[in-house]
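Trainee: with the input below, show me the fold.
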Amino acid sequence: PSRETQAAPSTNKNTPKHVVCHKKNKESFWAEISSQTVQTSNNRIITIIRDISDRKRNEEVLRALAETAIVGEDDIFKTIVRQTSLSLNVRFALIGVVDSEDQNKINIVAAWDTDHFLEKTSYTLANSPCERVTSKGICVYPDNIQQLFPKDEMLRDLSIESYIGVPLKNSDGHVFGLMALMNDKAMDTNQQTVDLLKSLAVRANIELDRIQADEQLKLSARVFTDTHEGIIITDTKGIIVDVNPTFSEVTGYNRQEVIGQPPSILNSGSHSPEFYSDMWRAIDKVGHWQGEVWNRKKDGELYAELLTISSLTNETDDIINYIGIFTDITQNKKQQQQLEMMAHYDVLTQLPNRILFADRFKQATAHSRRSETLLAICFLDLDGFKPVNDTYGHNVGDKLLVEVAERITNSIREEDTVSRQGGDEFAILLV
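Mentor: Numbers count the residues shown, from 1 in each chain. Modelled structure (predicted):
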């Protein structure tokens, strides 16, 4: 037996169209209109109209921000608050960051009121919906907000009735600010509006992170160029990749002369290979080394530096660079040598003084006992020295003492010691 099958109705759908429509009260709205023909015995056409005003407003805001990013507008935050306020028909929009020194204060980065930007200012978080946002997260108050926060003077002064706020977070998830919408009447706080604010908060986060990174780079650049310490950076093979101006001032080499060269271009030959081997072993073991190094300038002059070398690593702890920071301590070393000279040598004749002579005598007697050898001590003074001073002056007397010291020194062996004990008295240690 045959069985008849009734064909199911077929449909032909049209592509949805977005148009501006008007309500009975003449208020305009964006609508998505789609229609389809249902092929039945009556050939009906079904038309669906859906209000997409919120979506269109969100798209308008995001499109404006995208265009801003392309043209590179100076203040993206102003664009965010202005476009959001105008598109959502909300009176106030603001972006603020928590004060770095006072965590109970918000510094406004950008704020919009109806048709103009507001001056940048600060306000207290205490007893405000913004405090709730920074501590709890997204907050939505569609109306009667003053009753919920009666101590918030800003809400009262601006006649605020509704509020939406979303936190701004850094890459570590730490809240450092917020974005808020406020209106002087009840606000439509649907999920699309909240989602839009969350998207804008992400955009603001990115821009704030970029600004902070730029500021850190500028600070690092200023430290690099303006510091009074010399800085030298090498790659992992020990080839110089950069130096700062102080390096050039100290060494006499300009930046172009040393880029691509090894730091050994400064080697003075004052240190043994073992010295440098020990230095690099310490760097490889603990990541840094500090000590005094004698190097040579471009003109051949020796100079002393207090040097710190550190290894720089990436996120996976692989060494990517070495950085050396040094201070020129040549003058300090000279002063130290002068102090040592004054403590152990006679300033006029440069001969050992009483202190150094006593120390050498102690060492010589100890050596004499061990080796069972003899030593001798001679004391002498200059007869008639006082009349020379009185007759010709102290300058001539000083020259005479220097000449006597030189003649005695030339008359003894290198291992012997001649000392000025004071006045015209000298002592000689013969070993």
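
Trainee: from what I see, Q290 and T308 are in contact.
Mentor: Yes - with contact defined as Cβ atoms under 8 Å, Q290 reaches T308; the gap is 4.5 Å. Where you see a C-beta, it was placed from the backbone N, CA and C, and this is true even at glycine.

Trainee: show me where the stretch 101-250 of the chain has strands.
Mentor: Here the stretch 101-250 of the chain has its strands, by DSSP state E, counting those that start in this stretch, at 105-113, 116-117, 122-124, 139-141, 162-169, 175-183, 230-234, 240-243.

Trainee: Q421: what's it in contact with?
Mentor: N353, R354, F357, F379, A427 (Cβ atoms under 8 Å, 6 or more residues apart in numbering).

Trainee: 6 Å - rerun?
Mentor: R354, A427 (Cβ atoms under 6 Å, 6 or more residues apart in numbering).

Trainee: quick one: it and D346, what's the gap?
Mentor: Per Cβ to Cβ, to the nearest Å, Q421 is found 9 Å from D346.

Trainee: per-residue pLDDT, P1?
Mentor: In this model, P1 is scored at 37, pLDDT.

Trainee: ok, now D115?
Mentor: pLDDT recorded at D115 is 91.

Trainee: please apply the same query to D317.
Mentor: pLDDT, D317: 89.

Trainee: part of a helix, is it?
Mentor: No - using DSSP: H, G, I helix; E, B strand; the rest coil, the assignment for D317 is coil, not a helix.

Trainee: for it, give me phi and psi.
Mentor: Per-residue torsions, D317: phi 70, psi 20 (degrees, to the nearest 10).

Trainee: check the one 10 residues further on too.
Mentor: Dihedral angles phi and psi of T327 (degrees, to the nearest 10) take the values phi -120, psi 130.

Trainee: my guess is it meets E229, correct?
Mentor: Yes - under the criterion of Cβ atoms under 6 Å, T327 makes contact with E229 at 5.4 Å.

Trainee: so the residue nearest to H18 when sequence neighbours are not counted: helix, strand or coil?
Mentor: On the basis of Cβ to Cβ, 6 or more residues apart in numbering, the spatially nearest residue to H18 that is not a chain neighbour turns out to be E32, at 5.6 Å. Here E32 is strand, with the state taken from three-state DSSP.

Trainee: how many residues are close by E32?
Mentor: 15 (other Cβ atoms under 10 Å).

Trainee: from N190, how far out is it?
Mentor: E32 is 16 Å from N190, where distance means Cβ to Cβ.

Trainee: now stretch 84-99: mean pLDDT?
Mentor: pLDDT averaged over stretch 84-99 gives 90.

Trainee: hmm, who's touching it?
Mentor: By Cβ under 6 Å, 6+ apart, stretch 84-99 touches 57, 60-61, 77, 81, 105-114, 176-184, 204.

Trainee: quick one: the longest helix seen in the chain to strand 230-234, angle?
Mentor: Criterion DSSP state H: the longest helix present in the chain is helix 191-226. Using axes from the mean of the first three to the mean of the last three Cα atoms, to 10 degrees, one finds that helix 191-226 and strand 230-234 are set 110 degrees apart in direction.

Trainee: pull the CA atoms of the helix or strand V402 falls within into PDB?
Mentor: Under DSSP states H and E, the secondary-structure element containing V402 is helix 394-411. Extracted in PDB, the C-alpha atoms of helix 394-411 (Å, rounded to 0.1, in the frame of the first residue of the first chain):
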ATOM      1  CA  HIS A 394     115.200  77.300  57.600                       C
ATOM      2  CA  ASN A 395     114.800  76.800  53.800                       C
ATOM      3  CA  VAL A 396     118.600  76.400  53.500                       C
ATOM      4  CA  GLY A 397     118.600  74.100  56.600                       C
ATOM      5  CA  ASP A 398     115.900  72.000  55.000                       C
ATOM      6  CA  LYS A 399     117.900  71.600  51.800                       C
ATOM      7  CA  LEU A 400     120.900  70.600  53.800                       C
ATOM      8  CA  LEU A 401     118.900  67.900  55.600                       C
ATOM      9  CA  VAL A 402     117.600  66.600  52.300                       C
ATOM     10  CA  GLU A 403     121.100  66.500  50.800                       C
ATOM     11  CA  VAL A 404     122.500  64.600  53.900                       C
ATOM     12  CA  ALA A 405     119.600  62.100  53.700                       C
ATOM     13  CA  GLU A 406     120.300  61.400  50.000                       C
ATOM     14  CA  ARG A 407     124.100  61.000  50.600                       C
ATOM     15  CA  ILE A 408     123.500  58.500  53.400                       C
ATOM     16  CA  THR A 409     121.000  56.500  51.400                       C
ATOM     17  CA  ASN A 410     123.400  56.300  48.500                       C
ATOM     18  CA  SER A 411     126.200  55.100  50.900                       C
END
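
Trainee: that concludes my questions; thank you for your assistance.
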